[in-house]
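In: Prediction below, plus the sequence it came from.
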There are 2 protein chains.
Amino acid sequence: MALRAIVLYDFVSENPGEISVVENEVLTLYSEDIVDGWLEGVNSRGQSGLFPASYVEILRTDDGIPIQGNGTAGDAHSTGSTITGTEYSYHINAQKGDTSAESAPTHLGYAQQHSYHTSQGSDEDWADNQNVADAPGVVQGRGGNAQKCQATESTRRGSAQQSRSSATVGKNLNRFSTFVKSGGEAFVLGEASGFVKDTDKIYVVMGPFGPEWQENPHPFTCTIDDPTKQTKFKGIKCYMSYGLTPSHTQSRVNRRYKHFDWLYARLVERFPVISVPHLPEKQATGRFEEDFICKRRRGLIWWMDHMTSHPVLSRCDVFQHFLTCSSNDEKAWKRGKRKAEKDYLVGANFFLTIIPPAAPLNMQEVEGTVDGFKTFTKKMDDNIVQLNVTISEFARKQMTGFKKEYQKVGQAFHLLSQAFEFDQQIYSIKLNQAIAFTGTAYETIGDYFSEQPRQDLDPVSDLLAIYQGHLTNFPDIIHVQKGALTKAKESQRHSDEKDSSGMIGISDRCKIISCATLAEIQHFHRTRVRDFRVHMQHYLQEQIAFFQRIMTKLEEALHMYDEA
Amino acid sequence: MALRAIVLYDFVSENPGEISVVENEVLTLYSEDIVDGWLEGVNSRGQSGLFPASYVEILRTDDGIPIQGNGTAGDAHSTGSTITGTEYSYHINAQKGDTSAESAPTHLGYAQQHSYHTSQGSDEDWADNQNVADAPGVVQGRGGNAQKCQATESTRRGSAQQSRSSATVGKNLNRFSTFVKSGGEAFVLGEASGFVKDTDKIYVVMGPFGPEWQENPHPFTCTIDDPTKQTKFKGIKCYMSYGLTPSHTQSRVNRRYKHFDWLYARLVERFPVISVPHLPEKQATGRFEEDFICKRRRGLIWWMDHMTSHPVLSRCDVFQHFLTCSSNDEKAWKRGKRKAEKDYLVGANFFLTIIPPAAPLNMQEVEGTVDGFKTFTKKMDDNIVQLNVTISEFARKQMTGFKKEYQKVGQAFHLLSQAFEFDQQIYSIKLNQAIAFTGTAYETIGDYFSEQPRQDLDPVSDLLAIYQGHLTNFPDIIHVQKGALTKAKESQRHSDEKDSSGMIGISDRCKIISCATLAEIQHFHRTRVRDFRVHMQHYLQEQIAFFQRIMTKLEEALHMYDEA
């Protein structure tokens, strides 16, 4: 029997003797003694070693006695809150955890509670070295100086999923359905209620191609500067800080990736039928390498562009708070943060904020449009995967094979000029020089080929990445709409048999969800056409400039022969 | 014991049941009976089957009795006149045959004699269906309708080598030396004599960079038209006929490859220290395939260009006869042909025709120049081989790999447009079309890549081929000059001991050979600089035009997005 502890934050071992631990994982401790801030124990994968004491919470019963268990990985698994597999397996575990909450043993109550709080995004971990005990939902004794900058992609995605599902804890009807988890069902059935301020109202208007989000009357953009490397804890921890300058404030704020991450979780939770753009992927190692930094910045620029150009996302409070709150005003930041985390207009309540157009909606047409869009997204997803594979391969070929071929030709011309230099003929000197120049020109063209993909294919790849993200969002969005439609049809049948009083409400609420879905589809198409047009143009312009550079180089070489 | 026959002309089997036979090979016959023009027998490689009766001569003793032997390949080998290996082994055999002539058994006298006549190039085989018994050196009974259009490259080269060596038959001093074989030694030693008409005189003048051939006062060029396919023997035999139009006559003559071949043999025999350009290689199969025809024509154009731009070769009688004699005037053709074959100013006598400049020659400088040239040719040969390998590989990559990559990108863009066509959005139509067009553009660029090497790399390859030919000629030319110099030095030492009467003659004659060699080297350099300048320019121009075509195609594609 051993002492147990639950992991509060991911920790990735960076030195020999340390072990990596994952949020919600149950560890077996060798003792309660903290030495220089470290504890020693075994993780659920059987690895033993040190980990920061502040990253874990020793499990105790209500009367404060530490919980003891076998401490085996299998045991940890049975708690339903251990993360051991991929993003997907974690996702399923989390769902199971949610639904088994009532029957879970007492000592797991904490883990459930913690999991819920995590999903609310209340971690004040980036308010480093501050007392955050007064933050809502934070469990006492968690440690204000906890560090979480090693969080992995799987955690991010996992918690986003959890956020979505958390609102429906306790609902048992079709419990795994996105329709239920998103709050769509609760809303359609009239179970959602709350006061919606005018400023929170989201209008769907009827446009030339059907329902669309009302335009943002104050559109803006936001630049993201090259990130700078920051350190804390006397250089022990490093992170990159990005300077964000929104066009409507012209005031720069500094944000870290985890701020983006927190924001993302809030948005996903807040907007069930809006496709929140995915953040660029996390990376455990090489986070400070130039290539990665450059790629992440490009990804964040794409993300920001999709955020600012979305009529709903761009205007929402939490995003505005993220963009405008001064980096130096900790209090204001925390105030906005808590407000966002306490927002009750999430999930089912979100739908209360949507004001549909007055015009009636032909539900048969809606169904056709949504089905067509479903087919389209499937096809687009398949084909952009193929395009991405092809251009990655094309980039690789240019950077290796093509480069090599042109360089080999260049070297062969150099060989020719070297042979000609043996010829002792004064009238051959200019020719020899011209051939040598041609050799160098071809070597340079080889370099051009190797550098070009950064200029033209990488941006296309970025474009495809952000759309791949959207395309993974839409099945859930479509599912919510379809769920609502099914409910409305069911209700129609019931009302045909009995009275129609409840039916009218359900039908109206189904229209609200449908309008929102169609507006989001419309927005997706508009953005897609805009982005692909602009980026195909950019790609072709870069290609033309590339071939122009080659031509210029060859023309220089040709010119050398004029006097040869 | 079986009946024996000697092969007069190469025959390549084209149908099952036939066997290939090679000139000078001894065959074993099953019988003397000719059936439909065919005989049956076994060749020296042990293959049995049919071959044209007119291609062979049954071996008979002086009293007309057929010669009989074991008919084994080994036996055939021992005659010293069987061709079984490569060009080189044949070459050696032929030389051995020459020197062992006196001790050869009686029944081989014929083969030797035949071999000698072949080397004189007297075959009237292209005067098809005509009685050529009156041609000089033709052995009775050879058959006027003999066909030789299957002659292989090895035969061509072999007979050229033989031509060179035939003039020195009987000379035993250092008998394998090119110096001896070319007649250089005989000339230096004062053994050559003959009347040289003024029109046969070849002047070497002193130019700014040393001795050079006197320019042709009437320079001309000669075009070669696309060849036309001709048939004879009611379509059984096909050949290609080229239309040649020299600029100084503007009168077109038709010539076959074998006419070129005959001319080449005459030139090699006539000009020991001149680098006669090599003809494009022969090819046994696929002779009527477009690619081969195109390549051969390009090779002949190169050959012609090097012939017409050579001050000596361009003016010589046999070349003029070849260029100007009407294709319809058989008599005139044969007259010129016989005259050329009876030309006594070949080998050693050639040197009698050279008139050196009056200015003295510093033999030490000459030696330095020739040695430097030797080093240069070695280096140039090595490096153009490397260049040729590289550009062949580059061509192959463009025609396969590059093409494939661009086509794959094109197809991927097509996939994208296909996905977008599912989108039902009217405002996306132009974009979808533009993306589809881009896909097609990239496929077209793939085609451009596959077609390009014909335009730019193939001509470079042709250029390198003609120079590779020249570079194989020069070791012999240098050898003759070095031989002359050595003789002059020997003579100098002797004269120091005795009197100097013979020495002056040798020194003068060594100067003649040296002047001719230096003039040829000078000509080589000038032509080289001219050719490489022009062809590197052409290559670069083609490359620029190629990239311009790509750019134009991409600009077309880009333009499609203007309205998207």
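Out: That came through, no problem.
In: hey, let's count contacts and neighbours off CA atoms from now on
Out: Noted.
In: which secondary structure elements does the strand ranked longest in chain A contact?
Out: If you go by DSSP state E, chain A has its longest strand at strand A:237-246. Helices and strands touching strand A:237-246, by 3 or more Cα pairs under 8 Å, 6 or more residues apart in numbering or on different chains; DSSP states H and E, are strand A:222-224, strand A:228-232, strand A:253-256, helix A:317-324.
In: for the second one, which positions count as buried?
Out: Translated: strand A:228-232. Residues of strand A:228-232 classed as buried by neighbour count (16 or more other Cα atoms under 10 Å in any protein chain shown): none.
In: all strands of chain A, in order?
Out: A:2-7, A:26-29, A:38-42, A:48-52, A:56-58, A:68-69, A:202-207, A:210-213, A:222-224, A:228-232, A:237-246, A:253-256, A:354-355.
In: Among those, which comes closest to residue B:338?
Out: In terms of Cα to Cα, the element of the strands of chain A nearest to residue B:338 is strand A:222-224, at 89.2 Å.
In: Mind listing residues that contact the closest one?
Out: A:242, A:243, A:244, A:245, A:246, A:247, A:297, A:300, A:301, A:304, A:305, A:308 (Cα atoms under 8 Å, 6 or more residues apart in numbering or on different chains).
In: Just flag the most distant two among those.
Out: A:247 and A:297 (18.2 Å).
In: and those two? which has more neighbours close in?
Out: The neighbour count for residue A:247 versus residue A:297, taken as other Cα atoms under 10 Å in any protein chain shown, is higher for residue A:297 (19 against 13).
In: Tell me how far that one lies from chain B.
Out: 26 Å (Cα to the nearest Cα, to the nearest Å).
In: so what pLDDT did that residue get?
Out: What the model reports for residue A:297 is a pLDDT of 89.
In: before we move on, what about residue A:487?
Out: pLDDT, residue A:487: 86.
In: count of residues packed around it?
Out: There are 19 residues near residue A:487, going by other Cα under 10 Å.
In: quick one, what contacts the residue nearest to residue A:477 when sequence neighbours are not counted?
Out: For residue A:477, ignoring the flanking residues on the chain, the nearest one in space by Cα to Cα, 6 or more residues apart in numbering or on different chains is residue A:273 at 4.9 Å. By Cα under 8 Å, 6+ apart, the contact set of residue A:273 is A:476, A:477, A:480, A:513, A:516, A:517, A:520.
In: again, only this time at 7 Å
Out: Taking Cα atoms under 7 Å, 6 or more residues apart in numbering or on different chains, we find residue A:273 in contact with A:477, A:516, A:517.
In: tell me which of those residues is nearest to chain B?
Out: Here the nearest of those to chain B, counting by Cα to the nearest Cα, is residue A:517; it sits at 15.6 Å.
In: Name the nearest residue to that closest one, sequence neighbours excluded.
Out: Here the residue nearest residue A:517, using Cα to Cα, 6+ apart, is residue A:273, at 6.1 Å.
In: With residue A:437 instead?
Out: In space, residue A:437 is closest to residue A:557, 6.1 Å off (Cα to Cα, 6+ apart).
In: cool, residue A:433 as well?
Out: residue A:417 (7.2 Å).
In: now do residue A:249
Out: Residue A:249 sits nearest to residue A:324 (Cα to Cα, 6+ apart), 7.3 Å away.
In: residues near the one you found, how many?
Out: 20.
In: Look up how far chain B lies from it.
Out: Relative to chain B, and taking Cα to the nearest Cα, residue A:324 is found at 35 Å.
In: Please apply the same query to residue A:192.
Out: Counting by Cα to the nearest Cα - residue A:192 and chain B are separated by 34 Å.
In: Got the phi and psi for residue A:215?
Out: phi -60, psi 150 (degrees, to the nearest 10).
In: how much space between it and chain B?
Out: Relative to chain B, residue A:215 is positioned 18 Å away (Cα to the nearest Cα).
In: Please enumerate the helices of the stretch 301-450 of chain A.
Out: A:317-324, A:330-342, A:363-397, A:403-420, A:429-497 (DSSP state H, counting those that start in this stretch).
In: So what touches the shortest one?
Out: Yep, that's helix A:317-324 we're talking about. Counting by Cα under 7 Å, 6+ apart, residues outside helix A:317-324 touching it are A:246, A:253, A:336, A:340.
In: mind putting those in TSV, neighbour count, pLDDT and distance to residue B:435 included?
Out: Conversion of these to TSV gives the following (neighbours: other Cα atoms under 10 Å in any protein chain shown; pLDDT from 0 to 100; distance: Cα to Cα, whole Å):
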residue	neighbour count	pLDDT	distance to residue B:435
A:246	19	96	33
A:253	19	95	39
A:336	17	92	44
A:340	23	90	42
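In: What is the nearest of those residues to residue A:15?
Out: Compare each of the contacts of helix A:317-324 with residue A:15 using Cα to Cα and the shortest gap goes to residue A:253, at 33.7 Å.
In: Name whatever forms a beta bridge with the closest one.
Out: residue A:244 (DSSP bridges).
In: I figured it was touching residue A:243, is that so?
Out: Yes - counting by Cα atoms under 7 Å, residue A:253 does reach residue A:243; the two are 5.7 Å apart.
In: For residue A:25, see how far away residue A:39 is.
Out: Note on residue A:39: its distance to residue A:25, by Cα to Cα, to the nearest Å, is 15 Å.
In: Which of those two has more residues huddled nearby?
Out: residue A:25 (26 against 21).
In: pLDDT at residue A:326, what is it?
Out: Reported pLDDT for residue A:326: 91.
In: swap that for residue A:238, sorry
Out: Note on residue A:238: pLDDT of 80.
In: ok, now which ones touch it?
Out: A:229, A:230, A:231, A:232.
In: With pLDDT and distance to chain B as added columns, please give these in TSV.
Out: TSV is the format used below for these (pLDDT from 0 to 100; distance: Cα to the nearest Cα, whole Å):
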residue	pLDDT	distance to chain B
A:229	83	38
A:230	81	41
A:231	78	44
A:232	73	46
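In: What number of residues are in the vicinity of the residue lying closest to residue A:485 once chain neighbours are set aside?
Out: In space, and not counting its chain neighbours, residue A:485 is closest to residue A:510: 6.1 Å by Cα to Cα, 6+ apart. The number of residues packed near residue A:510 is 28, by other Cα under 10 Å.
In: for the one 10 residues further on, same thing?
Out: Applying other Cα under 10 Å, we find 24 other residues in the vicinity of residue A:520.
In: hmm, back to that, the longest strand of chain A to helix A:317-324, inter-axis angle?
Out: Orientation of strand A:237-246 against helix A:317-324 (axes from the mean of the first three to the mean of the last three Cα atoms, to 10 degrees) gives an angle of 100 degrees.
In: Could you pull up the residues touching the residue nearest to residue A:483 when sequence neighbours are not counted?
Out: Nearest residue to residue A:483 in three dimensions, chain neighbours excluded: residue A:179, at 5.7 Å (Cα to Cα, 6+ apart). Contact analysis of residue A:179 by Cα under 7 Å, 6+ apart lists A:185, A:479, A:480, A:483.
In: so what pLDDT did the residue of the stretch 101-250 of chain A found nearest chain B get?
Out: Nearest residue of the stretch 101-250 of chain A to chain B: residue A:209, at 8.2 Å (Cα to the nearest Cα). pLDDT, residue A:209: 90.
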